[in-house]
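Asks: Pasting a predicted model and its sequence here:
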Amino acid sequence: MELRELPYELTVCKVASMADIDLDDEIFFIGKTEDELSLVCTTAKTPQHTIKREDGWRGFRIQGVLDFSLIGILSKISSVLANSSIGIFAVSTYNTDYILVKRENFDKAVTALTAAGYVIV
């Protein structure tokens with residue numbers, strides 16, 4: 001299976017309002033519940049005012065479109081990384097999944113995933 005390295009650093013944060021989010025960013029993920037409004041975005045486009053923020057994330061995208069009947073893809077990747085003591089932040093879209101790791105663990109993640117048979121492009 002191929003994983004594509006994302007070419008930018010990401011930030012995970014909480015914002016007060018949708019108006020704070022730059023909808024022209026190259027990539028972003030929004031999650032809203034009754035308790036919070038969370039945003040994953042490129043660090044360069046992180047809103048000025050955040051409630052909380054954690055910079056320093058790097059990511060991989062699972063290549064291709066994943067059918068909903070496929071089972072265990074994210075579980076296998078997260079297990080490989082967990083066995084190397086690497087925590088993840090996962091985000092899913094309709095087509096695929098994204099796996100984020102802290103910048104300081106990125107090279108270690110590439111090594112672990114490659115050793116497990118994943119191709120990093």
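Replies: Ah, there it is. Remember, it's a predicted structure, so these values are computed and weren't measured experimentally.
Asks: what ranges do the strands span in the protein?
Replies: Under the criterion DSSP state E, the chain contains strands at 2-5, 10-14, 28-32, 37-42, 52-62, 89-92, 97-102, 119-120.
Asks: Quickly list what the spatially most central residue of the chain is bridged to.
Replies: The chain has residue 100 as the residue nearest its centroid, 3.4 Å off, counting by CA atoms, centre = their mean. With DSSP bridges as the criterion, residue 100 is bridged to residue 59, residue 89.
Asks: doesn't residue 87 make contact with it?
Replies: No. Applying CB atoms under 8 Å as the test, residue 100 and residue 87 come out as separate, 9.5 Å apart. The C-beta positions use only the backbone N, C-alpha and C, and glycine is treated the same way.
Asks: follow-up on the earlier one: put together a markdown table for the strands of the chain, with distance to residue 74 and mean pLDDT on each row.
Replies: Converted to a markdown table, these look like this (distance: least, CB to CB, whole Å; pLDDT from 0 to 100):
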| stretch | distance to residue 74 | mean pLDDT |
| --- | --- | --- |
| strand 2-5 | 11 | 96 |
| strand 10-14 | 17 | 98 |
| strand 28-32 | 15 | 96 |
| strand 37-42 | 16 | 97 |
| strand 52-62 | 8 | 97 |
| strand 89-92 | 6 | 95 |
| strand 97-102 | 5 | 96 |
| strand 119-120 | 16 | 97 |
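Asks: Please produce a markdown table containing the ones you listed, extended by distance to residue 109.
Replies: Below are the strands of the chain laid out as a markdown table (distance: least, CB to CB, whole Å):
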| stretch | distance to residue 109 |
| --- | --- |
| strand 2-5 | 10 |
| strand 10-14 | 14 |
| strand 28-32 | 19 |
| strand 37-42 | 17 |
| strand 52-62 | 8 |
| strand 89-92 | 12 |
| strand 97-102 | 5 |
| strand 119-120 | 9 |
